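Q: pasting the structure only:
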């Protein structure tokens, strides 16, 4: 295999730091300090509602069935998990206070907080954990978190404050697997959009699907009660409207700002919020079970036909890390295996040869299925359209509203043969094992890539090994298989940038693009 080469570009972002100005208080005639008009105004400003603008919007509130990355902003507002991830990527206790594992690694016991209530006042107990995990494991619920827990064979409440999980294969990273499993009121899941009944730091004030979500501080929260007045998440039709709202002060944050606007927004004095170690991937998603992309040669051909350098410049403002090996492990990741991946540098002759072998001949028409929530999708389609035209393949482009776009290919199992879907994949980085669960048995990839025994063996190894060299070897095999099979065609790894007003602090973003606003403060 050839070593994959790429030009390195780094997207940097920091949260601005500001000094806190303490205003002198006026004194009354009896010597009692009296707040000045300015200090009252400052306090009011510090307690204002923080508004997040984004496209697409939030379509529903069940965190365990979310399919759009835009819905992840609400996960840490209304909900808690047994475990949580810190800004430094460490896994820490949340609704669990501690956990132990048996010597063979197959039995895990979690002790739970006893001072927690749901938003409706009901006490949180171990049975809520059991019901939530069973909900996630039920195939018909199509939970994206199911693949992370597919080694769980039993979960029981030993008492109200203790839960026991039994696994069929030792999984050292189980606490990390539970971070995105949010505990919710399963018995009343049919009313979740009206109640948002969780245990998180905010309570639901109002929700209009695909338009607006508003939450208020949970005054009975077991942890630190938020200091701001509330949070709103508002859908904006396009980036132009969102930018105008940000610059006028109508909103405080744009989630997933257009890449070509990042530089000018920073120059305007705004602040970028990006992951410290991004693992997100810009990729083209294909139906691996329908012609023509059921033939791996057609998928490889497409990978060779992608002008990644031009796409980076035109669609991503020159940001990000080109991924010529086309796997879900970034070339910047310490577990990237350059000697195990194919070099898919732009090569139209090779693309034409492989397309012909797969039956995609001159005169064939394909469709690039883009969503309107990300301007780079159309730009990517246009670059690809020009490349394919040079080898006699017509690529039509269709841009769709976000929910229409997603419904065409998601959840997994839908047929969409002939479609090439630019998408943004938020996957965990190596050495976390869950990235391998995206494909294969119990995976939730919308690519419909058929499982094979070799891949399932690698997946089991990745999840069970603990020694560094064993992890490195297993991830190398994962990259070898996926680079050759091309279940998704990866263009580059790039952080999904958000922009905030400079007086807003306490924001951070996970490596998978989840933005945390629950700790927002006005500085």
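A: Perfect, thanks for sending it. The model shown is predicted, which means the values in this text are computed figures rather than measured ones.
Q: What's the local residue count around residue 240?
A: 12 (other CB atoms under 10 Å). Backbone N, C-alpha and C define where each C-beta goes, glycine included.
Q: Are we agreed that it is in a helix?
A: Yes: read with DSSP: H, G, I helix; E, B strand; the rest coil, residue 240 is one of the residues of a helix.
Q: Could you list the domains of this structure?
A: For the chain, automatic domain parsing gives the domain ranges 26-55+204-277+497-522, 80-190, 281-493.
Q: Any idea which of those domains gets closest to residue 74?
A: In this view, the domains of the chain are compared for proximity to residue 74 by CB to CB, and domain 26-55+204-277+497-522 is the closest at 6.0 Å.
Q: Out of the domains of the chain, flag the one nearest residue 61.
A: domain 26-55+204-277+497-522 (6.4 Å).
Q: Pull the contacting residues for residue 431.
A: Contact analysis of residue 431 by CB atoms under 8 Å, 6 or more residues apart in numbering lists 335, 471, 475.
Q: Now residue 84, what are its backbone angles?
A: phi -140, psi 170 (degrees, to the nearest 10).
Q: Other residues contacting stretch 211-220?
A: 49, 57-58, 61, 74, 77-78, 117, 119, 121, 196, 200-207, 225-235.
Q: about what we covered before: between the contacts of residue 431, which is closest to residue 295?
A: For the contacts of residue 431, the minimum distance to residue 295 (CB to CB) is 26.6 Å, reached by residue 475.
Q: so the closest one makes contact with residue 334?
A: No: if you go by CB atoms under 8 Å, residue 475 and residue 334 don't touch, sitting 9.9 Å apart.
Q: For those two, work out which one has more neighbours and name it.
A: Legend: neighbour count by other CB under 10 Å for residue 475 and residue 334, higher for residue 475 (27 against 12).
Q: just the buried members of the contacts of stretch 211-220?
A: 57-58, 61, 74, 77-78, 119, 196, 200-204, 207, 226, 228, 230-235 (16 or more other CB atoms under 10 Å).
Q: other SSEs contacting the longest helix along the chain?
A: In the chain, assigned by DSSP state H, the helix with the most residues is helix 468-485. Applying 3 or more CB pairs under 8 Å, 6 or more residues apart in numbering; DSSP states H and E, we find helix 468-485 packed against helix 296-304, helix 453-464.
Q: Tabulate the domains of the chain (JSON lines), appending mean pLDDT and distance to residue 69.
A: Below are these laid out as JSON lines (pLDDT from 0 to 100; distance: least, CB to CB, whole Å):
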{"stretch": "domain 26-55+204-277+497-522", "mean pLDDT": "81", "distance to residue 69": "6"}
{"stretch": "domain 80-190", "mean pLDDT": "94", "distance to residue 69": "11"}
{"stretch": "domain 281-493", "mean pLDDT": "94", "distance to residue 69": "5"}
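Q: Of those, which is nearest residue 68?
A: Closest to residue 68 of these is domain 281-493 (CB to CB; 6.3 Å).
Q: How far does the closest one stretch from one end to the other?
A: Taking CA to CA, to the nearest Å, the first and last residues of domain 281-493 lie 4 Å apart.
Q: And stretch 309-326, by the same measure?
A: Taking CA to CA as the measure, stretch 309-326 stretches 14 Å from start to finish.
Q: buried stuff in that stretch?
A: For stretch 309-326, a neighbour-count test (16+ other CB under 10 Å) marks 309-317, 319-326 as buried.
Q: That's all I had, so thanks and see you.
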